[in-house]
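Undergrad: predicted model and sequence follow; I will ask about them next.
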Amino acid sequence: MEKMPYQPDMDRPMTATTTATVTSDWRNALPVRMGKKVTLRELEISDAPALFAMLTPEEVSRFISPPPTTVEGFEKFITWARAERAAGRYACFAVVPHGMSTAVGLFQVRQLEAGFATAEWGFALGSAFWGTGMFIDGGQLVVDFAVETLNVGRLEARACVANGRGNGALRKLGAVQEGVLRRSFLKNGQFLDQMLWSILAEEWRQAKAVWGQGVIH
Ligand SMILES: CC(C)(COP(=O)(O)OP(=O)(O)OC[C@H]1O[C@@H](n2cnc3c(N)ncnc32)[C@H](O)[C@@H]1OP(=O)(O)O)[C@@H](O)C(=O)NCCC(=O)NCCS
């Protein structure tokens with residue numbers, strides 16, 4: 001999700017406007033999901049310094065919306081994320097590797113229409129954790145949460161065409177490449193092309209029947 005739904009000027013009280021088609025207590029608190037390599041859990045304000053350190057370096061942020069530029073900015077983002085979760089519009093998981101207590105990245109899912117029938121997801125990890133299998137581990141948990149808990153029927157992802165790792169990661173997870181969104185993402189004054197990917201709920205359930213046993217808790 002290059003275009004993060006959070007913007008600094010959104011730091012204001014939220015009101016729940018979404019219709020009640022999503023029925024789950026995830027609005028009260030995100031579930032903790034444990035994979036083989038990582039645990040996913042709700043963002044905490046105390047994650048702000050670690051997320052600032054992990055997500056602001058150029059190699060991480062170059063193909064995504066500019067992350068907050070200060071620890072305080074991440075604290076505001078986390079406050080916003082929790083309010084959006086309570087309003088039933090958005091879910092953001094912290095990625096915590098086994099053996100650690102600090103967050104090294106995040107996965108986020110936002111509804112594209114009320115009730116989450118279609119949604120978009122995005123992700124970022126600190127570069128020290130790239131190529132470790134943590135993406136695929138956490139990504140499976142998040143897509144499963146989207147499909148089985150949020151009732152997402154179509155989960156979209158957009159990745160800059162030039163973002164080799166982002167596109168490679170989506171392909172590995174089983175996302176289907178649909179086409180190029182020309183000049184759809186403004187970064188540093190330049191419009192970049194993005195690849196549009198999707199995962200459909202029925203495809204996900206079919207794939208999960210093959211690999212999912214013992215992975216989803
Ligand atoms: C996107 C991200 C979470 C993926 O995590 P990761 O640990 O790097 O992903 P993985 O290593 O599991 O998978 C990436 C795959 O892309 C492949 N890849 C790397 N560069 C590539 C390139 N230029 N072209 C094609 N594939 C490429 C890798 O080889 C790997 O596949 P493999 O495991 O079969 O070898 C991480 O790279 C990241 O945080 N990037 C910065 C933020 C970002 O761009 N987010 C994505 C927005 S859509």
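TA: Nice, I can see it.

Undergrad: and for the worst-scoring helix or strand of the chain on mean pLDDT, what's in contact with it?
TA: In the chain, the helix or strand scored least confidently by mean pLDDT, DSSP states H and E is helix 201-211, which has a mean of 91. The list of residues contacting helix 201-211 from outside it, by Cβ atoms under 8 Å, 6 or more residues apart in numbering, reads Val143, Asp144, Val147, Asn151, Val152, Gly153, Arg154, Leu155, Gly174, Val176, Ile216. (C-beta placed from N, C-alpha, C; glycine too.)

Undergrad: test my guess that the fourth one contacts Phe116.
TA: Yes: between Asn151 and Phe116 there is a contact under Cβ atoms under 8 Å: 5.9 Å.

Undergrad: who has more neighbours, these two?
TA: Phe116 (26 against 16; other Cβ atoms under 10 Å).

Undergrad: which non-adjacent residue is nearest the more buried one?
TA: Excluding the flanking residues, the one nearest Phe116 by Cβ to Cβ, 6 or more residues apart in numbering is Leu150, at 4.4 Å.

Undergrad: the one you found - that's part of a strand, no?
TA: No: using DSSP: H, G, I helix; E, B strand; the rest coil, the assignment for Leu150 is coil, not a strand.

Undergrad: quick check, pLDDT for it.
TA: With respect to pLDDT, Leu150 has a value of 98.

Undergrad: just give me the neighbour total for it.
TA: Neighbour count of Leu150, defined by other Cβ under 10 Å: 20.

Undergrad: test my guess that it contacts Ala119.
TA: Yes: using Cβ under 8 Å, Leu150 makes contact with Ala119 at a distance of 6.7 Å.

Undergrad: which neighbours do these two share?
TA: Contact criterion Cβ under 8 Å, 6+ apart; residues shared by Leu150 and Ala119: Val109, Gln111.

Undergrad: where along the chain do the helices fall?
TA: Taking DSSP state H, the helices of the chain run over residues 48-55, 58-61, 71-86, 134-148, 164-173, 201-211.

Undergrad: please state the offset of the first one from the chain centre?
TA: Computed by Cα atoms, centre = their mean, to the nearest Å, the chain-centroid distance of helix 48-55 equals 16 Å.

Undergrad: list of residues touching that helix?
TA: 60-61, 67-68, 70-75, 77-78, 94, 102-106, 124-126.

Undergrad: apply 10 Å and report the result again.
TA: Helix 48-55 has contacts (Cβ atoms under 10 Å, 6 or more residues apart in numbering) with 43, 47, 60-61, 64, 67-79, 94-96, 100-106, 124-129.

Undergrad: only alpha carbons, please: show that helix as PDB.
TA: This file holds the C-alpha atoms of helix 48-55, laid out as PDB (Å, rounded to 0.1, in the frame of the first residue of the first chain):
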ATOM      1  CA  ALA A  48       7.000   4.300  17.900                       C
ATOM      2  CA  PRO A  49      10.800   4.500  18.400                       C
ATOM      3  CA  ALA A  50      11.400   1.100  16.900                       C
ATOM      4  CA  LEU A  51       9.100   1.800  13.900                       C
ATOM      5  CA  PHE A  52      10.800   5.100  13.400                       C
ATOM      6  CA  ALA A  53      14.200   3.400  13.200                       C
ATOM      7  CA  MET A  54      12.900   0.600  11.000                       C
ATOM      8  CA  LEU A  55      10.700   2.400   8.500                       C
END
